[in-house]
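K.L.:
Prediction below, plus the sequence it came from.
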Amino acid sequence: MRQPQQERSRTTRRRLVDAAVECLAERGWNGTTVAVIAERAGVSRGAAQHHFPTREDLVAAAVEYLGEEQISELRARAAALPDGPSRAEPVAEMLLDLYTGPMFRAALHLWVAASTDENLRAVLVPLEARVGREAHRVAVELLGADEARPGVRETVQATLDLARGLGLANLLTDDTRRRRQITRQWARILEPAVATRTVRESA
């Protein structure tokens, strides 16, 4: 039975986006052309450009995909966690691990390229802002943090900023041991924000 046209189109787009992420992580921006992506995805260049007329269009889809995948992974892993202060450390660990691996490497290549490529920057900046807002919102959700309290919003954002920095440190050498130590210490800073909301909701 033949796949419906809409389903085939969705499958092709997903293969192209997956291939774009893999190419970016391995080859960087300069080595990630539409032709290279199409070859890896197993489609013709014409088919790739039918779905994504420019490389920037394809990269924009890849950025959105990266953000959605990271958020979905966070929610899935957090679903089994307990409520209350004991939640702080496993959530902190998840957030700090968020910026490691192939997806972060692909995103990093894009950030570096966008610093000198105006066309790419014009596409990437608003997308990254949207992805960043969603990551912050989900971090608040997973921690159960109360941003109405002074300093809580800044602490949550500092968690994500710390995660990016640790991700950079992990690019050249395995920084797992040091990251675990920092995670435990940072969780102690997060615990009051988690505990406060839990107490309020159960009152």
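P.N.:
Looks like it came in fine. Numbering: from 1, shown residues only.
K.L.:
Check which residues of stretch 52-68 are buried.
P.N.:
Phe52, Arg55, Leu58, Val59, Ala60, Ala61, Ala62, Val63, Tyr65, Leu66, Gly67 (16 or more other Cβ atoms under 10 Å). C-beta: built from backbone N, CA, C; applies to glycine.
K.L.:
go on, stretch 151-171?
P.N.:
Buried residues in stretch 151-171, counted by 16+ other Cβ under 10 Å: Val152, Arg153, Thr155, Val156, Thr159, Leu160, Leu162, Ala163, Arg164, Leu166, Gly167, Asn170.
K.L.:
quick one: contacts of it?
P.N.:
92, 95-100, 104-105, 108, 132, 135-136, 139-140, 143, 145-147, 175-176, 178-179, 182, 186, 189-190, 193 (Cβ atoms under 8 Å, 6 or more residues apart in numbering).
K.L.:
Mind giving me the ChimeraX select for those residues, buried ones only?
P.N.:
Selecting only the buried entries of the contacts of stretch 151-171 in ChimeraX, with 16+ other Cβ under 10 Å as the criterion:
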select :92,95,96,97,98,99,100,104,105,108,135,136,139,140,143,145,146,147,175,179,182,186,190,193
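K.L.:
Helices - which of the contacts of stretch 151-171 land there?
P.N.:
Counting by DSSP state H, the contacts of stretch 151-171 place 92, 95-97, 104-105, 108, 132, 135-136, 139-140, 143, 176, 178-179, 182, 186, 189-190, 193 in helices.
K.L.:
what packs against the strand or helix carrying Glu7?
P.N.:
Element membership for Glu7, per DSSP states H and E: helix 5-27. Helices and strands in packing contact with helix 5-27 are listed as helix 34-41, helix 45-51, helix 55-78, helix 101-114; criterion 3 or more Cβ pairs under 8 Å, 6 or more residues apart in numbering; DSSP states H and E.
K.L.:
one more time with 6 Å
P.N.:
Contacting helix 5-27 under the criterion 3 or more Cβ pairs under 6 Å, 6 or more residues apart in numbering; DSSP states H and E are the following elements: helix 34-41, helix 55-78, helix 101-114.
K.L.:
could those be laid out in TSV, adding mean pLDDT and distance to Ala122?
P.N.:
What follows is the helices and strands packed on helix 5-27, written out as TSV (pLDDT from 0 to 100; distance: least, Cβ to Cβ, whole Å):
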stretch	mean pLDDT	distance to Ala122
helix 34-41	93	18
helix 55-78	81	8
helix 101-114	82	9
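K.L.:
Format these as JSON lines; extra columns: distance to Arg13.
P.N.:
Putting the helices and strands packed on helix 5-27 into JSON lines (distance: least, Cβ to Cβ, whole Å) gives the following:
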{"stretch": "helix 34-41", "distance to Arg13": "10"}
{"stretch": "helix 55-78", "distance to Arg13": "7"}
{"stretch": "helix 101-114", "distance to Arg13": "17"}
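K.L.:
who does the worst-scoring helix or strand of the chain on mean pLDDT touch, helix- and strand-wise?
P.N.:
Confidence across the helices and strands of the chain bottoms out at helix 176-202, with a mean of 75, counting by mean pLDDT, DSSP states H and E. The criterion is 3+ Cβ pairs under 6 Å, 6+ apart, and the helices and strands that helix 176-202 contacts are helix 88-97.
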